[in-house]
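K.L.:
here you go, sequence then predicted model.
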Amino acid sequence: MKEFRVLEIKESVFADNNADADRLREELKESNTFLLNLMSSPGAGKTSTLVKTIAALKYKLNIAVMEADIDSDVDAATIAATGAKVIQLHTGGMCHLDADMTRQGIKGLDAEDTDLIVLENVGNLVCPAEFDTGATKNAMILSVPEGDDKPLKYPLMFQICDALIINKIDTISMFDFDMDACIKRARKLNPDIKVFPLSAKTGEGMEAWTSWLYETVTANQEIN
């Protein structure tokens, strides 16, 4: 029988991307730029949370945004209305961004002297968690209507994130959502994860999130 090779492509792809992500982190460190990779399911409120975040921090930090979607530019238009610099990234059907795609976005953004770049990743709790973008920190949004069991179903996303935003708390009375159980499940996977229950619609809880983000960005700048 003729012999043949078995090539583990997935492992090779991840290894190559992880190495590239580390290089991108070094590049961002040298330019004193903080990159936040923001992830969630579609409809969890990434863009609305970003709008409120920009409003709270735009006089303290120079902020730019990369909007990643399979298609459309509706989110980029929403962010542009805040006055923040923004670029729309179309992934051509891919459900995530990797380090090289992120680097291309940063170059296209041409945002020199930017303190904070936010990558609003493609709406998905699976693929974006698997690919390191080179971000300084990872954050995710879980909305109340999605249910408190998501840490059980998508553990990797919670494991790789530094911050968990629980959005749409203004709707909690309408859903069977156990806040304590959700947080307990998330911290079982990731004891160090920071949790921010908030409502991007009403503004409740936004101050705790934006204060943490500001302090984290400025601390990173001081270290550099």
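P.N.:
Alright, I've got the coordinates.
K.L.:
bridging residues for the residue nearest to the spatial centre of the chain?
P.N.:
Nearest to the geometric centre of the chain sits residue 38, at 1.2 Å (C-alpha atoms, centre = their mean). On the basis of DSSP bridges, residue 38 is bridged to residue 120, residue 139.
K.L.:
I figured it hits residue 140, correct?
P.N.:
Yes: when contacts are counted by C-beta atoms under 8 Å, residue 38 is listed as touching residue 140 (7.4 Å). Glycine gets a C-beta too; all of them are placed from N, C-alpha and C.
K.L.:
mind checking which helix or strand residue 28 is in?
P.N.:
helix 9-30 (DSSP states H and E).
K.L.:
quick one: contacts of that helix?
P.N.:
34-35, 98-100, 102-103, 130-136, 224 (C-beta atoms under 8 Å, 6 or more residues apart in numbering).
K.L.:
from the chain's centroid, how far away is stretch 207-222?
P.N.:
Centre-to-centre, stretch 207-222 and its host chain are 15 Å apart (C-alpha atoms, centre = their mean, to the nearest Å).
K.L.:
my bad, stretch 129-141
P.N.:
With C-alpha atoms, centre = their mean, you get 6 Å for stretch 129-141.
K.L.:
okay, how far is it across that stretch, tip to tip?
P.N.:
One end of stretch 129-141 sits 13 Å from the other (C-alpha to C-alpha, to the nearest Å).
K.L.:
now do the strands in this protein.
P.N.:
Per DSSP state E, the chain carries strands over the ranges 34-40, 63-69, 85-90, 116-120, 137-143, 163-167, 194-197.
K.L.:
distance check, residue 14 against residue 30.
P.N.:
Using C-beta to C-beta, to the nearest Å, one obtains 25 Å as the distance from residue 14 to residue 30.
K.L.:
typo on my end, residue 179
P.N.:
40 Å.
K.L.:
surely residue 96 meets residue 124?
P.N.:
Yes: under the criterion of C-beta under 8 Å, residue 96 lies in contact with residue 124, with a separation of 6.6 Å.
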